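Asks: Sequence and predicted structure are below.
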Amino acid sequence: MRAFSAALDGVARAALFIAGLAMVVMTGVVAWGVFGRFVLNDTPAWAEASALLLMGWVILGAAAAGVREGFHMGFETLRDVLPAPIGLACKVASDAVITVFGAAMAWYGSDLALTVWDATLPTLGLPGTVEYLPITLGGVLMALFGLERLLSHLLTGAAPAGVPEHTILTDS
């Protein structure tokens, strides 16, 4: 389990790095689009489509890493006041739902990506499938990170090693 968690730690860091890089590039693209619109009076056609595409990478990469860190939606307040066995059952149920949700995102995102493979994005000239890659890859990562949390809660009763149990209460 430790080797699995260590590998997923590297994957989570890579996802956050890619999300951060996409955020920086998206900021530059939006700035160029605004400059082109208001200073040059010639809006670049590719700016908005590129920014929306990059936003998908930002949102889904960070959301997947958030699943690993336990930032996904849940009812922690209610769970924390319940008796320990019921609280653990709630953690396991939450992890199972997140894992299934991520797997469904990956499955249906890949179905969408394959459906529009032969289409071309008009302003970017890229295959239509690139719009759905963040959904697919984000879903795969959410499913992996959810599975890691699920297995850890089932085997040890705690979050994976190196991942805080109560993220709101940590200093990191």
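Replies: Received the coordinates, thanks. Numbers count the residues shown, from 1 in each chain.
Asks: Toward the C-terminus from the helix or strand of the chain with the lowest mean pLDDT, list the very next helix or strand.
Replies: Least confident helix or strand, the chain: helix 76-81 with a mean of 78, by mean pLDDT, DSSP states H and E. Per DSSP states H and E, the first helix or strand lying C-terminal to helix 76-81 is helix 84-115.
Asks: Summarise which helices and strands the helix or strand hosting residue 148 is packed against.
Replies: For residue 148, the element it lies in under DSSP H and E is helix 133-156. Applying 3 or more Cβ pairs under 8 Å, 6 or more residues apart in numbering; DSSP states H and E, we find helix 133-156 packed against helix 2-38, helix 45-69, helix 84-115. For glycine as for every other residue, the C-beta is placed from the backbone atoms N, C-alpha and C.
Asks: name the helices or strands packed onto the second one?
Replies: This points to helix 45-69. Judged by 3+ Cβ pairs under 8 Å, 6+ apart, the packing partners of helix 45-69 are helix 2-38, helix 84-115, helix 133-156.
Asks: if we go to 7 Å?
Replies: Packed against helix 45-69 by the contact rule (3 or more Cβ pairs under 7 Å, 6 or more residues apart in numbering; DSSP states H and E) you find helix 2-38, helix 133-156.
Asks: in that helix, what's buried?
Replies: For helix 45-69, burial by neighbour count (16 or more other Cβ atoms under 10 Å) applies to 46-47, 49-51, 53-54, 56-69.
Asks: Now do stretch 117-126: distance to the chain's middle.
Replies: 24 Å (Cα atoms, centre = their mean, to the nearest Å).
Asks: coming back round to it: I'd like the distance from the helix holding residue 148 to the chain centre, please.
Replies: Distance of helix 133-156 from its chain centroid, counting by Cα atoms, centre = their mean, is 10 Å.
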